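Asker: Got a sequence here, can you build the structure:
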Amino acid sequence: MTSECPRARRYFSLKLSDRIPVYTAPVAQWTEQPPPKRQVAGSTPAWGTIIKKMDASLNLFWEAGLLEAVDLECVRGDRPLFSGLCLRLTPGELLHVTGANGSGKTTLLRTLCGLTRAAAGEIRWNGSTIQELGDDYRSQLAYVGHSNGIQGELTAEENLRAAACLGTAVDSSRIHETLERLGLVPYRHFPSKVLSQGQKRRLALARLAILRKPLWILDEPLSALDVSSVALMTEILIEHLDHDGMIVMTSHQDIDVEAKTVLPLKTD
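Answerer: Have a look, this model is predicted:
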């Protein structure tokens, strides 16, 4: 039986502690701090005066905006379309963009949406450029282009439910009311690919009632619509303007709306 020297045991424990340092990680710094919120680089809040309006049947809430274009220039390839274009749109106004084929109407609308970048000039929403605002601006607009943007394998009702996922929660009754108003209830369970061109266009426009954005940008919304559907769509446009909505649209047909400004485009 061997005896152990107390001094040796104490020396060993000191050396062991020296060789294996004890780390005290600042765990609390990581667990107590929430992750940063997602932001668009360089974005700054630029909200205008909040105007809350509610209609008992439509239940509309949004922020009033101001859309401006300053010295806008757009080109297609190496061909200039227009330059020095300025516009200003306030709540309750409709801007009817007219012009010959190839004059840049669709290019202007896509530029206002942020889908196409202008060669020069700025587009502003409530005083800030749409590049600065990013998703804050895009969340305020609804765009319907030449293409209807519907899924052919989905039914009319399923297409509207998919569109509702891009905005606020929508109940089934509102979807049914929208389909009924646009005359699509008898076809709500049909695949959209079997609908006529006019019915597909009405389904595409039905998204406007589901998403309920303050700014509508519409490229030839009345194409493929019959006379009664044009009258119904005009009624929907007027209702949107009455609730301080804003509309920028192209159409070769005249729009029977009082609060309307016509912007004729001519190729440079």
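
Asker: so who does residue 256 touch?
Answerer: If you count contacts by Cβ atoms under 8 Å, 6 or more residues apart in numbering, residue 256 has them with residue 234. The way it works is simple: take the backbone N, C-alpha and C, and place the C-beta from them, glycine included.

Asker: Is it in a helix, a strand, or coil?
Answerer: Classification of residue 256 using DSSP: H, G, I helix; E, B strand; the rest coil returns coil.

Asker: residue boundaries of the strands in the stretch 51-200 of the chain?
Answerer: Assigned by DSSP state E, counting those that start in this stretch, the stretch 51-200 of the chain shows strands spanning 67-76, 79-89, 94-99, 120-125, 128-129, 141-144.

Asker: Flag every buried residue along the fourth one.
Answerer: Counting neighbours by 16 or more other Cβ atoms under 10 Å, one finds that the buried residues in strand 120-125 are 121, 123-125.

Asker: now swap in the last one and tell me
Answerer: Using 16+ other Cβ under 10 Å as the burial criterion, the residues of strand 141-144 that qualify are 141-144.

Asker: Give me the contact list for stretch 115-125.
Answerer: For stretch 115-125, the surrounding residues in contact (Cβ under 8 Å, 6+ apart) are 46, 65-75, 80, 83, 85, 107, 110-112, 114, 129-130, 133, 137, 140, 143.

Asker: how about a cut-off of 7 Å?
Answerer: If you take Cβ atoms under 7 Å, 6 or more residues apart in numbering as the criterion, stretch 115-125 is touched by 65, 67-75, 107, 110-112, 129-130, 133, 137.

Asker: Just the buried ones among those residues, please.
Answerer: Buried among those (16+ other Cβ under 10 Å): 65, 67-69, 72-75, 107, 110-112, 129-130, 133, 137.

Asker: of all these, which two lie farthest apart?
Answerer: Spatial extent of the buried ones among the contacts of stretch 115-125 (Cβ to Cβ) is set by the pair 65 and 75 at 27.3 Å.

Asker: quick one, domains of the protein?
Answerer: Per automatic domain parsing, the domain ranges recorded for the chain read 45-140+213-268, 149-212.

Asker: just for the chain, where's the confidence low?
Answerer: 1-64, 167-169, 267-268 (pLDDT under 70).

Asker: What segments of it are helices?
Answerer: In the chain, the segments counted as helices under DSSP state H are 6-19, 27-31, 105-113, 130-133, 135-138, 156-164, 172-181, 197-211, 227-242.

Asker: May I see those organised as TSV, with distance to residue 258 added?
Answerer: TSV is the format used below for the helices of the chain (distance: least, Cβ to Cβ, whole Å):
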stretch	distance to residue 258
helix 6-19	87
helix 27-31	60
helix 105-113	22
helix 130-133	28
helix 135-138	28
helix 156-164	29
helix 172-181	22
helix 197-211	20
helix 227-242	8
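
Asker: do you know which of those helices lies nearest residue 148?
Answerer: Residue 148 lies closest, by Cβ to Cβ, to one member of those: helix 197-211, at 3.9 Å.

Asker: Could you figure out how far that closest one is turned away from helix 172-181?
Answerer: Put simply, helix 197-211 runs at 150 degrees to helix 172-181, going by axes from the mean of the first three to the mean of the last three Cα atoms, to 10 degrees.

Asker: okay, the angle between helix 197-211 and helix 227-242?
Answerer: Angle between the axes of helix 197-211 and helix 227-242 is 20 degrees (criterion: the same axes, to 10 degrees).

Asker: Using neighbour counts, pick out the buried residues of helix 197-211.
Answerer: 199-211.

Asker: What is the nearest of the buried ones among the contacts of stretch 115-125 to residue 173?
Answerer: Of the buried ones among the contacts of stretch 115-125, the one sitting nearest to residue 173 (Cβ to Cβ) turns out to be residue 65, at 28.8 Å.

Asker: Isn't that closest one up against residue 214?
Answerer: Yes - between residue 65 and residue 214 there is a contact at 5.7 Å, judged by Cβ atoms under 7 Å.

Asker: which residues do the two both contact?
Answerer: With Cβ under 7 Å, 6+ apart, residue 65 and residue 214 have common neighbours 140, 246.
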